[in-house]
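# No letters, just coordinates:
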DNA sequence: CAACTCTGCGCC
DNA sequence: AAAGGGCGCAGAGTTG
């Protein structure tokens, strides 16, 4: 049985159970558990009002927890500390002193772990059974049905898309909840013992673990600040897209059938390949005839065009605008704000990922390759009195590639400010073709050369390359050879990286951070190097930029991080030339981890709406 | 009903 | 032998 207090110790694992995952709309903790290295557990449990879902705090517990969490001498260990620290903040409890995080540790030590969730990790590394979760899940499912009948306010699906069972643990009795709640802190402390040793034995690894801990403060500020969206624009966009859906639906029902569902790949496939009798040219991974955009684009048929317009409109609503509407919250100033959930160590490469909503994939009609573009950035805008400075590393991948591979020709071209993809297009397909396209206002060859580079980087094989270039394999091979002649480092670097993976099972970014790669998938490793190094670049930059804002007490805030881009919200009158250039310089400085002098950063300005970004900001025009 | 896979698609 | 990398999201369809 857990104690009704916090066990003694210098290092304590902590966890909270909550009424939801989204504190911005009222989710709060109602269960707080603790475990010391000796395995003694303790917990506080508060009642939850079944109609408001609000936990009823006990003042004495809060006082005890404040004494504990504010005590700088005690190390607190969490699994995904960001979540618990924020939940505690919303309860009026500040977490001070050293924080350790088994989630960060797991990811830093083994980037290729199947999952970094607490229960599977504990099962794998310390043999801790995960049976308690299933037992509790079953009980909560049962109680949810009873609660529903009583008219209680039980968790709805939505917002996070997660199982609402996880948000209704407050329904369970101690008998069911304690083994689970205290199980998690027991797992955490056991895992920490293992991971702490591992980190101590690997100082290089610890360096990156420490960086994640420092970066988390930046992440939490970024999320708390959030991103403003205009509610009325979202509503208007949904209305417009709905009208488009209705228009398309009428045509599709008339042409194909009353109950035709264009969201069903199965039904679309039947229509395209059976009813219309089109030849199958594209296949899905599992060998089914594909009806993706690429396949449909090749079919010149009026109804198919309507089908694609319909799907685009549906996606605009479901994937973007509806999600924004569902997750936006009203702040004190009357602005609608999105508070996304950034994951610092989601991707295996060390990049950030983002969800609820994902701000890293907001459709941008200006840069999309689709011929039916979605414009999802229209509702995004700076807060009143602020502007956005959008700073992105221009051509980051190719700079990192050239740097890592010591590509003389590539570096020379980059330093000369040449357009590498244009050069490559000329080299591969000839001046005549490129010049002709230029006169006709097209950039087909250049775009193809760019895709060619990324294809190589992503490990594209000859077969796909031939399909991409629409030529026989022999010709694709010849084209690749010519590309290698222009940039010899591409071939040697790819070979070197893949050989490294086969030999040692991991690669190292320019920062020296290890990324583990399955030797059977060595072709992925070159991209891992570039993507992973890019992650190192922006993570260091975020820490520097944020620290400088703090030091200068500047009313400026990072609001988004999009792989090679930072969006900074800054009070309008503070965005001077000096400030803009300082941000640029802080980002361009790679701390000597690259051989090149700097990674060039381009600045852009957003004053009204994200989709009306003014590119190539000339900072000399600022005050 | 919840959890899973498959398909497709937006971004870098 | 075969493979274009990394994500999050939603809907359809299946499974238990």
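It's in. Being a predicted model, the structure only gives us computed values, none of them experimental.
# and residue A:502, what element?
Element membership for residue A:502, per DSSP states H and E: helix A:488-504.
# Just the buried residues of that helix, please?
By neighbour count on 16 or more other CB atoms under 10 Å, the buried set for helix A:488-504 is A:489, A:490, A:491, A:493, A:494, A:496, A:497, A:498, A:500, A:501. Bear in mind the C-beta positions are built from the backbone N, C-alpha and C, glycine included.
# what's the average pLDDT for that helix?
In this model, helix A:488-504 has a mean pLDDT of 95.
# Tell me which stretches of the stretch 51-200 of chain A form strands.
Per DSSP state E, counting those that start in this stretch, the stretch 51-200 of chain A has strands spanning A:75-78, A:99-101. These are given in chain order.
# Distance from the chain centre to the longest one, please.
Counting by CA atoms, centre = their mean, to the nearest Å, strand A:75-78 is centred 25 Å from the centre of its parent chain.
# That strand pairs with which strands, parallel or anti?
Using DSSP bridges, the strands paired with strand A:75-78 in its sheet are strand A:11-18 (parallel), strand A:99-101 (parallel).
# among those strands, which is nearest DNA strand B?
Of all these, strand A:11-18 sits nearest to DNA strand B, with 15.8 Å by CB to the nearest atom of the strand.
# residues making contact with the closest one?
Contact with strand A:11-18 is made by A:6, A:27-37, A:68-69, A:74-79, A:83-84, A:87-88, A:100, A:167, A:169-170, A:177, A:180-181, A:184-186, A:188-189, A:192, as judged by CB atoms under 8 Å, 6 or more residues apart in numbering.
# Now, the residues you listed that are in helices?
Counting by DSSP state H, the part of the contacts of strand A:11-18 found in helices is A:68-69, A:83-84, A:87-88, A:177, A:180-181, A:184-186, A:188-189, A:192.
# nearest to DNA strand B, of those residues?
After measuring the ones in helices among the contacts of strand A:11-18 against DNA strand B - CB to the nearest atom of the strand - the closest member comes out as residue A:180, at 14.0 Å.
# I figured the closest one hits residue A:132, correct?
Yes: assessed by CB atoms under 8 Å, residue A:180 is found in contact with residue A:132 at 4.7 Å.
# From DNA strand C, how far off is the closest residue to residue A:126 other than its chain neighbours?
Spatial nearest neighbour of residue A:126, chain neighbours left out: residue A:190 (4.2 Å); criterion: CB to CB, 6 or more residues apart in numbering. The gap separating residue A:190 from DNA strand C is 26 Å, by CB to the nearest atom of the strand, to the nearest Å.
# Distance check, residue A:443 against residue A:436.
Per CB to CB, to the nearest Å, residue A:443 is found 12 Å from residue A:436.
# let me fix that: residue A:371
Distance, residue A:371 to residue A:436, using CB to CB: 22 Å.
# tell me the centre residue of chain A?
In chain A, the C-alpha nearest the mean C-alpha coordinate belongs to residue A:353, at 1.3 Å (CA atoms, centre = their mean).
# can you put the strands of the stretch 51-200 of chain A in a markdown table and add distance to residue A:265, mean pLDDT and mean neighbour count?
Output for these, formatted as a markdown table (distance: least, CB to CB, whole Å; pLDDT from 0 to 100; neighbours: other CB atoms under 10 Å):
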| stretch | distance to residue A:265 | mean pLDDT | mean neighbour count |
| --- | --- | --- | --- |
| strand A:75-78 | 41 | 98 | 23 |
| strand A:99-101 | 40 | 98 | 23 |
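# now those strands in JSON lines, with distance to residue A:2?
Formatted as JSON lines, the strands of the stretch 51-200 of chain A follow (distance: least, CB to CB, whole Å):
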{"stretch": "strand A:75-78", "distance to residue A:2": "17"}
{"stretch": "strand A:99-101", "distance to residue A:2": "21"}
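# among these, which is nearest DNA strand C?
strand A:99-101 (17.1 Å).
# Would you pull up how far the closest one lies from the middle of the chain?
Using CA atoms, centre = their mean, the offset of strand A:99-101 from its chain centre is 22 Å.
# Contacts for it, please.
Outside strand A:99-101, the residues within contact range by CB under 8 Å, 6+ apart are A:11, A:75-81, A:85, A:192, A:196, A:212-213, A:216.
# which of these lies closest to residue A:418?
Using CB to CB, residue A:212 comes nearest to residue A:418 of these, at 37.0 Å.
# Please, which helix or strand holds residue A:210?
Assigned by DSSP H and E, residue A:210 belongs to helix A:203-225.
# Okay, domains of chain A per the record?
Domain segmentation of chain A under automatic domain parsing yields A:11-201, A:229-338, A:340-397+A:509-623, A:408-486.
# Give me the three-state assignment for the residue lying farthest from the centre of chain A.
Residue farthest from the centre of chain A, counting by CA atoms, centre = their mean, is residue A:432 at 42.0 Å. Here residue A:432 is recorded as helix under DSSP: H, G, I helix; E, B strand; the rest coil.
# ok, so what distance separates it from DNA strand C?
From residue A:432 across to DNA strand C, the span is 25 Å (CB to the nearest atom of the strand).
# Could you do residue A:145 as well?
Counting by CB to the nearest atom of the strand, the gap from residue A:145 to DNA strand C is 14 Å.
# try residue A:353
Per CB to the nearest atom of the strand, residue A:353 is found 3 Å from DNA strand C.
# do residue A:526 as well
Computed as CB to the nearest atom of the strand, the residue A:526 to DNA strand C distance reads 9 Å.
# quick revisit: tell me which of residue A:443 and residue A:436 has more neighbours.
Each of residue A:443 and residue A:436 has its neighbours counted (other CB atoms under 10 Å); residue A:443 has more, 16 against 12.
# Remind me which helix or strand the closest residue in space to the more buried one that isn't next to it in sequence belongs to.
Counting by CB to CB, 6+ apart, residue A:437 is the residue found nearest to residue A:443 once chain neighbours are left out, at 6.6 Å. Following DSSP H and E, the helix or strand that holds residue A:437 is helix A:431-439.
# Identify all contacting residues around that helix.
Residues outside helix A:431-439 that contact it (CB under 8 Å, 6+ apart): A:422, A:425, A:426, A:443, A:444, A:445, A:446.
# One more pass at 10 Å, please.
Residues outside helix A:431-439 that contact it (CB atoms under 10 Å, 6 or more residues apart in numbering): A:422-423, A:425-430, A:442-447, A:449.
# buried set for that helix?
Quick answer for helix A:431-439 (16+ other CB under 10 Å): A:434, A:437.
# Please tell me how far residue A:45 sits from DNA strand B.
Distance, residue A:45 to DNA strand B, by CB to the nearest atom of the strand: 23 Å.
# Neighbours of the nearest residue to residue A:148 once chain neighbours are set aside, how many?
Leaving aside its chain neighbours, residue A:148 sits nearest to residue A:154 (6.1 Å; criterion: CB to CB, 6+ apart). Residues near residue A:154, counting by other CB under 10 Å, number 21.
# Residue A:175 now?
Applying other CB under 10 Å, we find 8 residues neighbouring residue A:175.
# Quick check: bridge partners of the nearest residue to residue A:185 once chain neighbours are set aside?
Ranked by CB to CB, 6+ apart and with sequence neighbours excluded, the top spatial neighbour of residue A:185 is residue A:35, at 3.7 Å. Beta-bridge pairing for residue A:35 (DSSP bridges): residue A:13, residue A:41.
# Confirm for me that residue A:35 is in contact with residue A:183.
Yes: between residue A:35 and residue A:183 there is a contact at 9.4 Å, judged by CB atoms under 10 Å.
# Now do the contacts for residue A:256.
So residue A:256 contacts A:262, A:267, A:268, A:270, A:271, A:275, A:276, A:303, A:306, A:307 (CB under 10 Å, 6+ apart).
# Name all residues that make contact with the spatially closest residue to residue A:255 that is not a sequence neighbour.
Take residue A:255 and drop its neighbours on the chain: the residue closest to it by CB to CB, 6+ apart is residue A:303, 4.6 Å away. The neighbours of residue A:303, taking CB under 10 Å, 6+ apart as the test, are A:248, A:251, A:252, A:254, A:255, A:256, A:271, A:272, A:275, A:276.
# element containing residue A:303?
If you go by DSSP H and E, residue A:303 is part of helix A:302-315.
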